[in-house]
Each structure stands twice: as structure tokens, then as C-alpha cells.
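Undergrad: My questions concern the predicted model and sequence given below.
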Amino acid sequence: MISILIAARNEEDSILKCLQSLNQLTFPIDQLEIWIGDDDSNDLTATLILEYIRDKPHFHYKKITTNLGMARGKANVLAQLIRFAKGSYFLITDADVTVPPNWIEVMLSAHTPGIGIISGVTVPQPVTLWTAMQAIDWAQALCMIYHLSHWGIPISGLGNNMLVTKEAYKATGGYENMRSSISEDHQLFKAVLKKGYGFRQLFAVDCLVETQGLPTFDSLINQRKRWMNAAMQTPWYIRMLTLLPLFLLPVIVVSFITQPFTSLLSWIGLLIIQGVLTFSCVYRLRALHLYKYAWIYPVYFHFITFSTLIQYALVSPTYWKGRRYELTEIA
């Protein structure tokens, strides 16, 4: 039995597309259950869910209004849904994503004895230039995590495209026994590995799910602050690898005053390297339509990363799904 778990909060604009994609899964229905936890939504999320699943017995709806142990937010929803789930494998995704028809089969095929947690690939839909930049950002980050995983270096999990075995989850004690965190996927990833289980990071079009890009600068910075906190918990050499490209552009700009020709060549070289990296990532995901944006991505990357670092350094609260989280709740 496979249990799909979804936490939904104020998702009236996206929940139907998510449910429709889940209803098109090719996995046998008699071996599948889909649990949707409504995290106290105050829009039409509940109405839309109940109307859609009324003639689909393998879909189940639960209204979540209380907290279980130390769990809060999405972690609390998942902790409560797992108490109803009967599957030996939990597949976790979000209410604003669409999954491919063979999603379950692909994720299951990656599991081998000793593996406790598996992450797939998620990329925002490139509807605008702004969301296309986010798509390249996600693709490059997950591509790096994928390659590091082959060297046995664990970075993090992906909470909207994740498989965790029931055995591994239960071994951690569950979210209700973990410190409250807005980065619940990273928290579970660390807990599973701490119990001695292995991990896998996939990077292929067969396990690619699509999410919605964030429409505003503020919403994107809030997301990146959560990622930044997870990144700061990785080994120092991973942090250096992540931040090294950040300092290249300022050095090139400053040196342009005294060495304009050398700086120009450096900028061209940076664009070429970035272009090669972007091509290798989007090619594997059959998303070559993103490649036309590769030339501007370095500017986006530096702008967003610098902005995130400033906000992170200011220890400002993070707002997510209409709720406020302090820095101590982000880790």
C-alpha cells in the first residue's frame, strides 16, 4: 500500500490541478490511498477538495485544527495524516504541484534496502521571466544536490516530491517529537539519516513535478530564507561551494575600473560557464525552453542571493502561508 500525503492551506487557486494530476496516476487504485490535510484554511480549499473527491473513495480529507506534540504547520498536518495512513511508503507532495502519471512507480523503483528517504525533482512552471528564473534556480540547485549525493554527501530533502518509508519515519519518532520547524523537509531528512538510513536524490524528467513560481519579491525572499537556513546547517565546504559564485560578480565589477578588458573577458567566461551548467541541468529535464534565459540568470542569482543574505542577517521573521515564523522556528 502507498500513502500519498498532502498538506493544504489556502490553496483554492491550485488545489484542483493538483488533485486532477493525482487522479491520473497509473498506480493501481486498490493499492493507493491519498490523504489531504486541510491546515485550517479560510478560503474555498475545503469546498473544492470535498466536491472533487466525493466519488473517489481512495481520496480522503481531514480538517486539521489542533497541534500534535511539538509539530506545527505542515509538519503538524503530515504527523496527523500519518496516523491514518496504512501504506508502507509515504509519498509527500504539496497542494500547488502537479505530478506525472508514473510518479509513484518511478519513486518506488529508486528504493533499495537500507534507503529511508528519496527526493525527486521539482521545478516551477516558467510562465513569466520571473518564474523562469526560479525554474533555473531550482534546477541548478537540485542538480548540484544530485551530483553531491553520488559522492555520499547529504544536503537536504525536497518536501514537495519526497518518498519516506514508514519504517524510517517511525524510527525518528515522527514530527510530533521533533522541534517545531518551518523547514520540515530538511528536518525529516536529517532525522532519517541520523537513524542510519540511506538517501537518494533523483534528477530525471520521469520524477519531475511542477510547482507554481512565487509571484512577488517578498514571497520569494521568504522562501529563500528558509532554504538559506537549511544551507547553513550543511558542512562548511558545502556552504563555501554554494556562496563562492556570489562573490565573482562583485569582483568583476570592481576590477572593471582598473582592468576593463580583463573584466570583460571574465564576465564572458562567467556567462559561458553559467550557460554550460544551465544547459546540462535543463537538458536532463527536457526543459531546453529555459535555456534562452541563461544569459540573464547570473544577474538574477546575485540579486536574489544578496537580498536573501541581508534579510537573513537582519534576523527578520519569515511569513509563510499567512503565518509568521521567527528564526528559531525556521531551522
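TA: On my side now, so go ahead.

Undergrad: In contact with Ser280, which residues?
TA: By C-beta atoms under 8 Å, 6 or more residues apart in numbering, the contact set of Ser280 is Cys143. Bear in mind the C-beta positions are built from the backbone N, C-alpha and C, glycine included.

Undergrad: Could you tell me the backbone phi and psi angles at it?
TA: Per-residue torsions, Ser280: phi -60, psi -30 (degrees, to the nearest 10).

Undergrad: Quickly note the distance from it to Leu290.
TA: Going from Ser280 to Leu290 by C-beta to C-beta, to the nearest Å gives 12 Å.

Undergrad: Show me the domain layout of the protein.
TA: Using automatic domain parsing, the domain parsing of the chain gives 2-120+158-213, 236-324.

Undergrad: would you list those domains in CSV and tack on distance to Leu142?
TA: What follows is the domains of the chain, written out as CSV (distance: least, C-beta to C-beta, whole Å):
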stretch, distance to Leu142
domain 2-120+158-213, 6
domain 236-324, 8
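
Undergrad: In TSV: these, plus mean pLDDT.
TA: As requested, those are exported to TSV (pLDDT from 0 to 100):
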stretch	mean pLDDT
domain 2-120+158-213	96
domain 236-324	80
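
Undergrad: Near the nearest residue to Leu208 once chain neighbours are set aside, how many other residues are there?
TA: Distances taken as C-beta to C-beta, 6 or more residues apart in numbering place Val121 nearest to Leu208, at 4.7 Å, with adjacent residues excluded. Neighbour count for Val121, taken as other C-beta atoms under 10 Å: 25.

Undergrad: For Trp138, see how far away the closest residue to His289 other than its chain neighbours is.
TA: Distances taken as C-beta to C-beta, 6+ apart put Pro126 closest to His289, at 7.1 Å, once the chain neighbours are dropped. With distances taken as C-beta to C-beta, Pro126 is found 10 Å from Trp138.

Undergrad: one step back: just say helix, strand or coil for the residue nearest to His289.
TA: Here Pro126 is recorded as coil under DSSP: H, G, I helix; E, B strand; the rest coil.

Undergrad: Tell me who's in contact with it.
TA: Residues counted as contacts of Pro126 (C-beta under 8 Å, 6+ apart) are 132, 134-135, 213, 289-290, 293.

Undergrad: Contacts made by the strand or helix carrying Phe199 with the rest, please.
TA: Element membership for Phe199 (DSSP states H and E) is strand 198-201. With contact meaning C-beta under 8 Å, 6+ apart, strand 198-201 is reached by 110-111, 114-119, 142, 145-146, 149, 154-155, 157, 189, 192-193.

Undergrad: if we go to 7 Å?
TA: Strand 198-201 is contacted by residues 110, 114-119, 145-146, 149, 154, 193 when judged by C-beta atoms under 7 Å, 6 or more residues apart in numbering.

Undergrad: And stretch 294-311, how far out from the chain middle?
TA: Distance, stretch centre to chain centre, for stretch 294-311: 19 Å (C-alpha atoms, centre = their mean, to the nearest Å).

Undergrad: How is the residue nearest to the spatial centre of the chain assigned, secondary-structure-wise?
TA: Nearest to the geometric centre of the chain sits Leu158, at 4.1 Å (C-alpha atoms, centre = their mean). At Leu158 the chain is in coil, as set by three-state DSSP.

Undergrad: So what does it have for phi and psi?
TA: Torsion angles, degrees, to the nearest 10, at Leu158: phi -130, psi 100.

Undergrad: Distance of the residue nearest to it when sequence neighbours are not counted relative to Ile6?
TA: Computed as C-beta to C-beta, 6+ apart, the closest residue to Leu158 that is not its neighbour in sequence is Ser119, at 4.0 Å. According to C-beta to C-beta, Ser119 stands 16 Å off from Ile6.

Undergrad: hang on, the earlier thing: can you tell me how far the residue nearest to the centre of the chain sits from Ala110?
TA: Separation of Leu158 from Ala110 (C-beta to C-beta): 13 Å.
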